[in-house]
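S.K.: Structural data only, the sequence is not supplied:
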Ligand code: ANZ
């Protein structure tokens with residue numbers, strides 16, 4: 001799809017025309033100038049970045065992008081959409097009296113660099129730093145007004161020193177449920193020592209802290225620390241040699257990458273106790289200015305459910321279940337444990353009880369055999385697959401019965417994979433009449449289905465005729481009474497309250513809140529991540545490194561790849577790359593704890609790639625501080641709470657919606673810990689969040705379905721051809737693999753960065769996805785050419801503006817534009833702002849003649865946030881010696897903003913009786929009032945009553961007299 005490039009064909013007759021060559025020259029010159037001058041430096045109130053006190057005294061704006069991963073592929077035009085938007089916004093804020101902090105760092109730990117290292121032997125640092133350099137060059141060309149003094153990469157030891165430091169603060173803290181905040185672990189130890197707080201023990205008895213061994217104390221504290229190591233069932237993939245996140249496992253229990261089997265294995269892993277913050281993470285969402293869709297995703301992810309825990313006795317022991325519907329307890333006709341539930345062995349007898357139903361045994365001779373076989377089968381499935389709705393329910397009876405506490409009935413206990421160990425208590429009471437999964441299971445295993453809710457859909461109470469469960473919350477409870485309590489006739493909410501009260505009174509259960517949120521698995525068997533600042537002594541007890549030993553730098557290793565194993569050998573264990581450097585792993589250290597130098601073994605896992613992005617906003621504030629993570633006064637200045645932002649935070653954070661739960665939840669959690677411990681005044685990292693849409697691109701495929709280079713496709717009569725062969729066209733993602741990537745460099749070379757910026761902003765509302773169309777870019781280039789021509793003579797290069805008063809028409813056009821553009825930029829409606837600038841520019845072009853200086857200057861100022869290079873150039877040409885960047889944005893004169901009027905015709909019985917000058921925006925009601933009170937109309941009606949008034953605002957009123 002080639003075309004003639006108007007920019008390239010600069011006419012000799014117009015040597016001062018705005019062309020691609022001129023844009024390139026202007027842009028490079030101002031970029032250099034801004035760098036040298038430090039135009040975008042945002043002064044701090046103190047410290048090494050302190051500066052201009054007048055600027056510091058202004059209200060602040062902290063405007064941030066989700067920082068990029070420096071990929072080897074570089075940027076395509078989709079990537080900078082958000083960066084350009086925040087830049088336009090930041091520039092506008094600078095021009096409206098704010099001290100603006102806007103910068104960009106790099107999120108540089110992560111898998112791709114490591115895989116590249118495995119393949120090529122290049123150290124991940126080398127390839128990552130090269131990628132960062134390349135990206136910096138690409139970004140610089142866009143004219144982004146970043147304060148470069150504040151940029152960093154998460155792989156810089158000066159940065160990850162503080163990531164490790166935060167880890168230590170989290171490790172050395174516990175959550176006080178009463179105070180509802182994190183506190184230093186030393187305070188918990190003091191409470192244990194003084195006896196103010198009982199030391200928990202597994203058997204429920206009491207123990208004195210002084211009598212515990214060092215190892216026992218470590219174990220107790222491990223139950224409280226906000227960062228703790230535990231043996232958790234994780235997805236272990238021997239074929240890849242690593243554990244995987246749930247999202248990396250396919251529906252049939254294999255690795256997304258490589259298609260190897262994945263097993264559930266218990267491995268010692270680091271976790272973050274994010275669950276302690278579930279309530280606060282939920283509550284504080286209310287006050288954030290975030291898209292509702294993202295808030296909803298976080299709420300669902302945290303998943304607060306109110307319900308009850310109920311104990312079902314079994315042979316003197318008990319199984320505790322979590323249910324959201326304790327009101328359905330009378331309908332619980334069997335129980336299910338997750339296959340991994342620790343009580344399964346205990347309740348699995350040697351032989352099947354007398355009269356065990358054949359379908360319950362799975363054909364196995366003994367319960368133990370049945371359990372073992374079923375467990376093996378369940379272990380090879382992912383949680384997602386186990387919960388899949390449309391699958392046949394499987395399970396097996398374990399040979400024991402429990403007692404339903406409300407009616408004393410003996411109910412059989414099963415294991416089934418639809419019950420997950422990681423949720424609630426890992427055990428359920430099954431109510432087939434009310435829960436669809438239980439219903440399907442009951443049908444498959446021929447279990448009783450007791451009707452305990454009166455169906456409202458006419459199906460009747462005979463469950464043998466039902467085709468599915470009746471799960472409604474708007475129905476009455478039936479068949480639910482014992483000697484002590486009756487729920488019959490109650491609605492769900494009331495029945496829940498009543499039965500919960502009864503459970504508590506009878507000592508068999510209690511009301512409880514359950515969260516779907518799980519603790520955050522925080523270790524990876526990887527090389528390219530932050531090392532843990534943790535060492536183990538000879539007894540295997542974990543110790544924190546003292547702050548003086550940070551940063552703990554990544555050691556060199558010979559081989560970055562994970563060790564892989566026989567893919568089918570579930571009994572293997574991962575071997576971390578860091579463990580291969582024995583000199584680094586085994587060390588003698590004096591931790592300063594009074595124990596003197598001792599031998600230790602370092603932790604050899606690394607942190608997940610989310611760690612570095614959990615707190616980077618704070619480091620932008622005070623990037624060179626070697627004493628503190630961030631100076632409190634500086635943090636307070638940029639992030640502290642203020643009116644309308646009760647939890648403080650960044651004023652605007654722009655990024656993709658795909659980070660709804662992971663990054664945004666983790667970052668909120670770390671903020672809250674740092675807030676509780678008194679290191680920051682903001683309890684939330686990001687006050688306002690905005691999700692930009694995606695730039696999509698057409699993907700062209702040949703008859704085999706293979707993508708062909710989009711740039712070489714030709715269009716003929718609505719069909720598309722590549723090398724003469726017809727190809728299909730579909731809108732998709734942009735990327736190298738789809739052969740449709742367009743780079744910002746290409747567009748900058750062809751038209752300049754200002755054109756690219758305008759085009760990206762003009763494509764549509766920022767939050768909507770839009771297709772890239774290279775052919776349309778020229779439209780914005782032409783706008784800039786016209787803007788240039790309104791100020792500069794293309795032949796002589798002279799400035800053509802005149803010191804004359806603009807005419808009334810132009811004044812109206814100007815002030816309307818100012819008013820509109822101001823509102824649009826503030827509201828991030830960049831596309832409509834550009835439309836208004838275009839309209840004004842066209843008005844001037846059409847009016848012909850020289851443009852009055854005052855109008856030209858306003859126009860340039862309005863264009864400055866959007867197209868900063870050409871604006872800076874024109875501003876200087878207009879005779880100014882200071883940069884346009886910090887000039888005041890024009891303010892509209894309200895006298896010229898009011899709409900012009902339109903003429904409204906008032907008819908009586910179809911005859912024109914009056915003409916009114918009214919606002920084009922007048923409402924029907926208002927217009928009717930104005931018309932009926934008009935002198936001429938009153939006179940024409942001459943006291944006659946009115947039968948009907950037909951109003952078509954703003955142009956017509958038709959009155960029908962009585
Ligand atoms: C009895 C019952 C009757 C239930 C009924 C539902 C409907 P939410 O709302 O998502 O929190 N459940 C509890 N623990 C489970 C586990 N580990 N694995 C699978 N399912 C589990 O879901 C809570 C409900 O999911 C609980 O309430 C329980 O089933 C089930 F008419 O108990 B219910």
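M.R.: Done, it's in. Keep in mind it's a predicted model, so treat the numbers as computed, not measured.
S.K.: can you give me the helices in the stretch 651-800 of the chain?
M.R.: 662-676, 744-751, 753-762, 777-789 (DSSP state H, counting those that start in this stretch).
S.K.: Residue 718 - how many residues pack around it?
M.R.: A total of 5 residues lie near residue 718 under the criterion other C-beta atoms under 10 Å. Glycine gets a C-beta too; all of them are placed from N, C-alpha and C.
S.K.: What is the neighbour count of the closest residue to residue 430 other than its chain neighbours?
M.R.: Take residue 430 and drop its neighbours on the chain: the residue closest to it by C-beta to C-beta, 6 or more residues apart in numbering is residue 438, 4.1 Å away. Residue 438: 27 surrounding residues under other C-beta under 10 Å.
S.K.: Make sure residue 438 is actually in contact with residue 419.
M.R.: No. In this structure, residue 438 is not within contact of residue 419 by C-beta atoms under 8 Å, at 10.1 Å.
S.K.: so where do the strands sit in the stretch 801-950 of the chain?
M.R.: Using DSSP state E, counting those that start in this stretch, the strands of the stretch 801-950 of the chain run over residues 902-908, 911-918, 946-952.
S.K.: from those strands, which stretch is densest packed?
M.R.: Comparing the strands of the stretch 801-950 of the chain by mean neighbour count (mean count of other C-beta atoms under 10 Å), strand 902-908 comes out on top with a mean of 18.
S.K.: How far off centre is that one?
M.R.: Centroid separation between strand 902-908 and its chain, computed with C-alpha atoms, centre = their mean, to the nearest Å, is 54 Å.
S.K.: Wait, residue 840 touches residue 813, no?
M.R.: Yes. Look at residue 840 against residue 813 with C-beta under 8 Å: they come within range, at 5.6 Å.
S.K.: between those two, who's got more neighbours?
M.R.: Neighbour comparison, residue 840 and residue 813: the larger count goes to residue 840, with 25 against 22 (by other C-beta under 10 Å).
S.K.: From residue 814, how far off is the more buried one?
M.R.: Taking C-beta to C-beta, to the nearest Å as the measure, residue 840 falls 6 Å from residue 814.
S.K.: Quick check: neighbours shared by the two?
M.R.: Common neighbours of residue 840 and residue 814, counting by C-beta atoms under 8 Å, 6 or more residues apart in numbering, are residue 859.
S.K.: What is the neighbour count of the nearest residue to residue 660 once chain neighbours are set aside?
M.R.: Spatially, and ignoring its direct neighbours in sequence, residue 660 is nearest to residue 297 (4.2 Å; C-beta to C-beta, 6+ apart). By the criterion of other C-beta under 10 Å, residue 297 has 16 neighbours.
S.K.: residues of stretch 673-693 that come out buried?
M.R.: 673-677, 679-693 (16 or more other C-beta atoms under 10 Å).
S.K.: and that stretch, how far out from the chain's middle?
M.R.: Here stretch 673-693 is found 13 Å from its chain centre; the criterion is C-alpha atoms, centre = their mean.
S.K.: and it, what's its mean pLDDT?
M.R.: For stretch 673-693, the mean per-residue pLDDT is 98.
S.K.: Do me a favour and get the end-to-end distance for stretch 626-633?
M.R.: Using C-alpha to C-alpha, to the nearest Å, the end-to-end distance of stretch 626-633 comes to 16 Å.
S.K.: re earlier: tell me the buried residues in whatever helix or strand the residue nearest to residue 430 lives in?
M.R.: Here residue 438 is covered by helix 436-444, with elements defined by DSSP states H and E. Residues 437, 438, 439, 440, 441, 442 are the ones in helix 436-444 that count as buried (16+ other C-beta under 10 Å).
S.K.: Appreciated, that's everything.
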